[in-house]
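A.B. asks: need a structure here:
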Amino acid sequence: MTVAVDTSSGRRAQTKLANRLAILDAAREVFGEMGFEAATVRDIIRRTNLSVGAFYNYYRSKDEVFAALADDGARRFRPILRAVAAEANDFESYLRAAIRSYFDFLKVEQEVWRLTRPGGESVGHVRNTPEIIAVFDEVRSVFADAMERGLAPKVDLDYLAAGCIAVAREIGDRMMERRPVEVEPAVEFVVRLIIGGVGALPRSEF
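C.D. replies: The predicted structure is shown next:
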């Protein structure tokens with residue numbers, strides 16, 4: 001007796017995945033060339049083989065596409081962050097390696113996006129996608145472990161994780177605006193700021 005296998009659901013799932021990836025790839029190009037503010041949904045659709053109706057089956061706006069891109073970036077960064085945690089010996093070594101990994105990742109991502117930020121446009125941060133929340137939880141977990149092992153002072157975990165992530169994001173943005181883009185000075189600035197406070201920062205002439 002031959003059992004018929006329904007492969008249509010598998011094909012539909014593959015098609016949906018391919019369409020989502022096509023939209024995200026197109027959005028990277030469009031946001032990179034035009035900037036987020038100037039770009040429109042139609043600009044994104046023109047870079048795909050999809051119809052307007054097909055696009056709206058997946059995303060309702062360019063803001064949703066941007067959030068999906070941010071979520072995708074966080075998903076790809078999490079294994080890097082996990083590997084850093086596994087190799088770190090103490091709080092400072094983890095912090096330094098995590099910040100360096102994030103800045104390296106950011107540099108590659110923005111080179112792929114070719115973000116020139118027309119007219120000085122800044123790129124906002126999406127904060128509440130599942131993968132971004134997972135990154136926060138991962139950082140918080142590592143900090144909690146460091147405190148339990150006596151490798152870091154016992155302070156408010158949520159504030160510490162949020163503060164470190166916020167500083168990394170803002171300094172990362174400024175780093176990307178400079179030419180040439182230099183990762184190491186930015187890493188050192190963030191680590192010294194978090195570990196030692198303003199008093200530990202190298203002096204600069206204004």
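A.B. asks: all contacts plus neighbour counts: C-alpha atoms, from now on.
C.D. replies: OK.
A.B. asks: What are the boundaries of the helices in this structure?
C.D. replies: According to DSSP state H, the chain carries its helices in the segments 8-34, 41-46, 52-56, 62-87, 91-113, 130-148, 157-177, 183-196.
A.B. asks: would JSON lines of those helices with mean neighbour count be doable?
C.D. replies: As requested, the helices of the chain are exported to JSON lines (neighbours: other Cα atoms under 10 Å):
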{"stretch": "helix 8-34", "mean neighbour count": "16"}
{"stretch": "helix 41-46", "mean neighbour count": "17"}
{"stretch": "helix 52-56", "mean neighbour count": "13"}
{"stretch": "helix 62-87", "mean neighbour count": "16"}
{"stretch": "helix 91-113", "mean neighbour count": "18"}
{"stretch": "helix 130-148", "mean neighbour count": "17"}
{"stretch": "helix 157-177", "mean neighbour count": "16"}
{"stretch": "helix 183-196", "mean neighbour count": "17"}
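A.B. asks: which residues does I132 contact?
C.D. replies: With contacts defined as Cα atoms under 8 Å, 6 or more residues apart in numbering, I132 is in contact with A70, D71, A74, R75.
A.B. asks: how much space between V181 and L81?
C.D. replies: For V181, the distance to L81 (Cα to Cα, to the nearest Å) stands at 22 Å.
A.B. asks: hang on, the earlier thing: from the contacts of I132, pick the one nearest Q110.
C.D. replies: Nearest to Q110 among the contacts of I132: A70, at 11.9 Å, using Cα to Cα.
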